[in-house]
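Chemist: Next comes the sequence, and after it the predicted model I'd like to discuss.
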Amino acid sequence: MAQKKRTLLENVRARVTEVTYEPGEPRPRYLRPTDQIIVFLDDCEYERIDSKTGEKATRKRKAGEVIWHDRSEDAPVLTNRGSKPYRTLVIELKEN
């Protein structure tokens, strides 16, 4: 299994999910259904493959780092390149 998801909170305004990425297993590409805030809970290194260009890039993130993604953005294929799982919090902002 490439990732495990566990919903921590959900209401009419937001959903907070803890996502665990296992080493070496890709997360499939998808379109983001909402605006998202991603909080990295662990240090990690992952490879991303841009769906438009096919370009591969390796990214390193530190625990506590926060990034933003817009609704309808293309979420690329990601693969955990580390030797252990890493976790993120995905905070999805729902439209009112």
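Modeler: Nice, I can see it.
Chemist: Is residue 79 in contact with residue 44, as I believe?
Modeler: No - the criterion here is CB atoms under 8 Å, and residue 79 misses it with residue 44 at 11.1 Å. C-beta coordinates here come from the backbone N, C-alpha and C atoms, glycine included.
Chemist: neighbour-wise, which of these two wins?
Modeler: Just comparing residue 79 and residue 44: by other CB atoms under 10 Å the higher neighbour count belongs to residue 44, 23 against 19.
Chemist: partners of that one in the sheet?
Modeler: Taking DSSP bridges as the rule, residue 44 bridges to residue 61.
Chemist: Show the model's pLDDT score for it.
Modeler: Here the pLDDT value assigned to residue 44 is 97.
Chemist: OK, contacts around it?
Modeler: 21, 60, 61, 80, 82, 86 (CB atoms under 8 Å, 6 or more residues apart in numbering).
Chemist: 7 Å - rerun?
Modeler: 61, 80, 82, 86 (CB atoms under 7 Å, 6 or more residues apart in numbering).
Chemist: Let's see if you can find the most crowded of those residues.
Modeler: Among the contacts of residue 44, the one with the most neighbours (other CB under 10 Å) is residue 80, at 22 neighbours.
Chemist: ok, now how distant is that one from residue 15?
Modeler: From residue 80 over to residue 15 the distance is 23 Å, taken as CB to CB, to the nearest Å.
Chemist: Please apply the same query to residue 43.
Modeler: Per CB to CB, residue 43 is found 25 Å from residue 15.
Chemist: more neighbours, these two?
Modeler: The residue with more neighbours, out of residue 43 and residue 15, is residue 15; 17 against 14, by other CB under 10 Å.
Chemist: Need the three-state assignment for the residue lying closest to the more buried one once chain neighbours are set aside.
Modeler: Take residue 15 and drop its neighbours on the chain: the residue closest to it by CB to CB, 6 or more residues apart in numbering is residue 92, 4.5 Å away. Put simply, residue 92 is strand when judged by DSSP: H, G, I helix; E, B strand; the rest coil.
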